[in-house]
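> model the following, please.
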Amino acid sequence: MIKFVICEDEKVLAAEYKNEIDKFMMKYDYEYKCQLFTGYTKEFEETVKEDQDYKIYLLDIKTNEGSGLDAARMIREQYNDWTSLIIIITSYNEYKYDAFGKRLMLVDFINKLDKCIEHLQKTLEICIKLYDTRLKSLKFVYKNVIHNIDFRHIVRIEKEQDSKRCTIHLVNKEEIPYQGTISSLIKKLDERFVKISRSSIINLDQVERYDLQNNVIEFKNGDVTNEISRDMRKGIIEYVRSLN
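Purely as a prediction, here's the structure:
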């Protein structure tokens with residue numbers, strides 16, 4: 001999911017940004033939501049700390065509760081988030097060179113007083129292109145080991161019996177444990193992943209064929225699974241047929 005995080009203390013402008021995002025996202029099939037803040041509060045920081053969504057920030061430089069540049073620095077440096085996209089929208093154009101000079105990897109610096117909505121639309125186009133082309137990965141810590149697994153390398157994920165732990169099966173046949181439930185894990189993945197039963201997730205890009213008679217999915221690396229619920233069989237059949 002893409003989460004647009006808007007911090008703007010002028011509520012009319014915040015609503016206008018959200019409206020433009022809603023109209024823009026109608027062109028795409030991506031699941032998304034908008035979250036609005038009027039200042040850089042503890043609630044804003046809690047959103048920054050969450051890691052289950054891909055975030056695009058629209059930050060006002062000056063609010064009654066903090067600075068957008070300080071917030072951008074917090075996102076990048078304090079929480080080490082170099083994946084989320086940051087757009088600065090402000091009427092203080094004199095901060096432009098200072099903002100880019102801080103090496104915060106900003107997508108754009110938009111002046112509220114100079115065709116703001118037109119520039120926002122163009123910047124959103126850039127954000128979606130970046131979202132489409134960036135390598136997406138699953139990041140987590142297990143037993144003091146930091147994992148950063150490229151989505152392309154995940155074949156399937158299965159829940160361990162009588163446990164809140166899952167096993168991630170990779171293209172190279174490696175198996176990596178993950179502390180958490182299937183339901184929480186699917187929220188961290190993108191649209192190529194499908195939950196095919198209560199205890200199993202598959203990467204559709206890795207599916208080779210589906211043996212309908214034996215109810216077995218075969219993957220490109222030779223791995224197989226028969227953890228397919230009855231409700232999901234029709235969808236799997238249609239997907240595999242579309243590959244031919």
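
> and F219, how many neighbours?
A total of 19 residues lie near F219 under the criterion other C-beta atoms under 10 Å. Where you see a C-beta, it was placed from the backbone N, CA and C, and this is true even at glycine.

> so who does it touch?
Contact criterion C-beta atoms under 8 Å, 6 or more residues apart in numbering gives V155, R156, I202, Q206, V207, E208, T225 as the residues in contact with F219.

> could you check the pLDDT of the first one?
What the model reports for V155 is a pLDDT of 95.

> quick one: secondary structure of the spatially closest residue to F4 that is not a sequence neighbour?
Setting aside the residues directly before and after it, F4 is nearest to C34 in space (C-beta to C-beta, 6 or more residues apart in numbering), at 4.5 Å. At C34 the chain is in strand, as set by DSSP: H, G, I helix; E, B strand; the rest coil.

> what is the distance between the helix or strand of the chain with the lowest mean pLDDT and the centre of its chain?
With mean pLDDT, DSSP states H and E as the measure, the helix or strand of the chain carrying the lowest mean pLDDT is helix 96-101 (a mean of 74). Between the mean C-alpha point of helix 96-101 and the mean C-alpha point of its chain there is a distance of 27 Å (C-alpha atoms, centre = their mean, to the nearest Å).

> ok, now which ones touch A99?
Contacts of A99 were listed using C-beta under 8 Å, 6+ apart, and they are I61, L69, A72, I88, L106, F109.

> hang on, I meant L113
S91, N93 are the contacts of L113 under C-beta under 8 Å, 6+ apart.

> could you look up the SS state of it?
Remark: L113 carries the secondary structure label coil [criterion: three-state DSSP].

> and the protein, what are its domains?
2-133, 137-243 (automatic domain parsing).

> how many other residues sit next to the residue nearest to F4?
C34 has 18 neighbouring residues, counting by other C-beta under 10 Å.

> what does the helix of greatest length in the chain contact?
Across the chain, the longest stretch assigned as helix under DSSP state H is helix 116-133. Judged by C-beta under 8 Å, 6+ apart, the contacts made with helix 116-133 from elsewhere in the structure are 2, 16-17, 20-21, 24, 28, 30, 54, 56, 58, 85, 87, 89, 107-108, 110-111.

> returning to what we had before: out of the contacts of F219, name the ones that lie in strands.
Using DSSP state E to define strands, the subset of the contacts of F219 located there is V155, R156, I202, V207, E208, T225.

> show me what the residue most central in space within the chain is bridged to.
Nearest to the geometric centre of the chain sits Y54, at 2.6 Å (C-alpha atoms, centre = their mean). With DSSP bridges applied, Y54 shows beta-bridge pairing to I2.

> I'd guessed it sits against T83; true?
Yes: between Y54 and T83 a contact is recorded at 7.2 Å, counting by C-beta atoms under 8 Å.

> tabulate the CA atom coordinates of the strand or helix carrying R241 in PDB.
Secondary structure assignment for R241, by DSSP states H and E: helix 230-243. C-alpha atoms of helix 230-243 as PDB (Å, rounded to 0.1, in the frame of the first residue of the first chain):
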ATOM      1  CA  ARG A 230     -10.900 -24.100  -2.200                       C
ATOM      2  CA  ASP A 231     -11.900 -20.400  -2.600                       C
ATOM      3  CA  MET A 232      -8.600 -19.500  -4.200                       C
ATOM      4  CA  ARG A 233      -8.400 -22.300  -6.700                       C
ATOM      5  CA  LYS A 234     -10.500 -20.600  -9.400                       C
ATOM      6  CA  GLY A 235      -8.300 -17.400  -9.200                       C
ATOM      7  CA  ILE A 236      -5.100 -19.500  -9.500                       C
ATOM      8  CA  ILE A 237      -6.400 -21.300 -12.500                       C
ATOM      9  CA  GLU A 238      -7.300 -18.000 -14.200                       C
ATOM     10  CA  TYR A 239      -3.900 -16.500 -13.400                       C
ATOM     11  CA  VAL A 240      -1.900 -19.500 -14.700                       C
ATOM     12  CA  ARG A 241      -4.000 -19.600 -17.900                       C
ATOM     13  CA  SER A 242      -3.300 -15.900 -18.500                       C
ATOM     14  CA  LEU A 243       0.400 -16.800 -18.600                       C
END
